[in-house]
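> Predicted model, plus sequence, below.
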Amino acid sequence: MKALFRGIYTAFDNNEALKAALTGGLHKVKAKQGAVCPYAVFTMVDRVPANTLDETYEEFMVQFNIFSESDTADAVCDLFELLDAVYENGTLTVDGYTFNYMRRRLSVMPPSDVEGVFQYTARYEVLIEKN
Amino acid sequence: MTPEFKDNSGQVMKAFDTKFRSALILSGEAVRKTAHDLARKDTGNMANSIDTRPDNPVDEIIIFCPTDYAVWNEFGTRFMEAQPFMVPGLNENISKINGFFNLARG
């Protein structure tokens, strides 16, 4: 879903605070090899069952993973706050679609698989309508 | 003449309770099966470990995956893409679960 991904990245790119904090950048689906913390990755993880018979609506679940290398979880929590300020009830521009809403449905801090790296995961439901 | 009242509420509650428990069991099984289908499979250990608890639920049923790497599959890590299976397992069955409980209500 290229248009949605582009809209998500543009929202990041337009927010100076988040962009400045995520020095390692925001990556689509996979971080680049050798990406340096802190950085975030977003991907579509689920197509939410539609609650409408109108097939012009599309619902997606988009997941962000934020990674931060630190002694404590404070830094990754701060990054999440910045990210959430952009996307929770935020507005996206999605070419060819009318944007309806973007809402956080889940946020967790899974145990990290790497010592000293903290992970924050958030999922947002996005509803868009084909023009 | 004094009217006599017979309290059948116990039987009613028992009948409802049985149907409600059946709905819980069916819901848990539906989510477990979908999660199993969606789970990443190598040895199949993670997918096969998805289970429900308790066997005879009263007011809730828990669908869980006890393998320690399940959380990394669900949410991803720095070195592995997420392949969610538990939350989508629930999401994909919402209308089915509603159906089970509507049937239980009669």
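Nice, I can see it.

> quick check: longest helix of chain B.
When chain B is parsed with DSSP state H, its longest helix is helix B:9-38.

> next one: chain A
What stands out as the longest helix in chain A, according to DSSP H, is helix A:74-87.

> Could you check that helix against chain B for contacts?
No - figure legend: helix A:74-87 not in contact with chain B (CB under 8 Å from any CB of the partner chain); closest approach 12.3 Å. In this view, the C-beta of every residue, glycine as well, is placed from N, C-alpha and C.

> avg pLDDT for that helix?
Here helix A:74-87 scores 96 as its mean pLDDT.

> Mind listing what's buried along it?
Within helix A:74-87, the residues scored as buried using 16 or more other CB atoms under 10 Å in any protein chain shown are A:75-76, A:78-80, A:82-84, A:86-87.

> between those residues, which is nearest chain B?
Nearest to chain B out of these is A:Val76 (CB to the nearest CB; 12.3 Å).

> looking at it, that closest one is touching A:Glu69, isn't it?
No - between A:Val76 and A:Glu69 there is no contact under CB atoms under 8 Å: 9.3 Å.

> what residues are shared contacts of these two?
Counting by CB atoms under 8 Å, 6 or more residues apart in numbering or on different chains, the common neighbours of A:Val76 and A:Glu69 are A:38, A:118.

> So which residues on chain B come close to chain A?
For chain B, the residues found near chain A under the criterion CB under 8 Å from any CB are B:71-72, B:74-82, B:84, B:87-88, B:91-92, B:94-95.

> near chain B, which residues of chain A show up?
Looking at chain B, the residues of chain A close enough under CB under 8 Å from any CB are A:29-31, A:41, A:43, A:45-46, A:48-49, A:61, A:63, A:65, A:67, A:106, A:108, A:110-114, A:117, A:119, A:121, A:123.

> if we go to 7 Å?
Residues of chain A lying near chain B by CB under 7 Å from any CB of the partner chain: A:30, A:43, A:45-46, A:48-49, A:63, A:65, A:67, A:106, A:108, A:110-111, A:113-114, A:117, A:119, A:121.

> circling back to that earlier point, residues of the longest helix of chain B that come out buried?
So for helix B:9-38, counting by 16+ other CB under 10 Å, buried means B:19-21, B:23-28, B:30-32, B:34-36, B:38.

> Can you pull out the residues in contact with stretch A:9-19?
By CB atoms under 7 Å, 6 or more residues apart in numbering or on different chains, the surrounding residues in contact with stretch A:9-19 are A:26, A:28, A:82-83, A:86-87, A:90, A:92-93.

> from these, which single one is nearest B:Ser9?
A:Tyr87 (49.8 Å; CB to CB).

> thought that closest one was touching A:Tyr101?
No - assessed by CB atoms under 7 Å, A:Tyr87 is found out of contact with A:Tyr101, at 10.9 Å.

> Give me the most central residue, chain B.
Per CA atoms, centre = their mean, the C-alpha nearest to the average position across chain B is that of B:Gly28, at 1.9 Å.

> is it true that it touches B:Ile61?
Yes - look at B:Gly28 against B:Ile61 with CB under 7 Å: they come within range, at 4.0 Å.

> Give me the common contacts of these two.
Contact with both B:Gly28 and B:Ile61 is made by residues B:Thr52, according to CB under 7 Å, 6+ apart.

> before we move on, back to that, may I see the buried residues of helix A:74-87 organised as JSON lines, with distance to A:Tyr9 added?
Converted to JSON lines, those look like this (distance: CB to CB, whole Å):
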{"residue": "A:Ala75", "distance to A:Tyr9": "22"}
{"residue": "A:Val76", "distance to A:Tyr9": "21"}
{"residue": "A:Asp78", "distance to A:Tyr9": "21"}
{"residue": "A:Leu79", "distance to A:Tyr9": "17"}
{"residue": "A:Phe80", "distance to A:Tyr9": "18"}
{"residue": "A:Leu82", "distance to A:Tyr9": "16"}
{"residue": "A:Leu83", "distance to A:Tyr9": "13"}
{"residue": "A:Asp84", "distance to A:Tyr9": "17"}
{"residue": "A:Val86", "distance to A:Tyr9": "11"}
{"residue": "A:Tyr87", "distance to A:Tyr9": "12"}
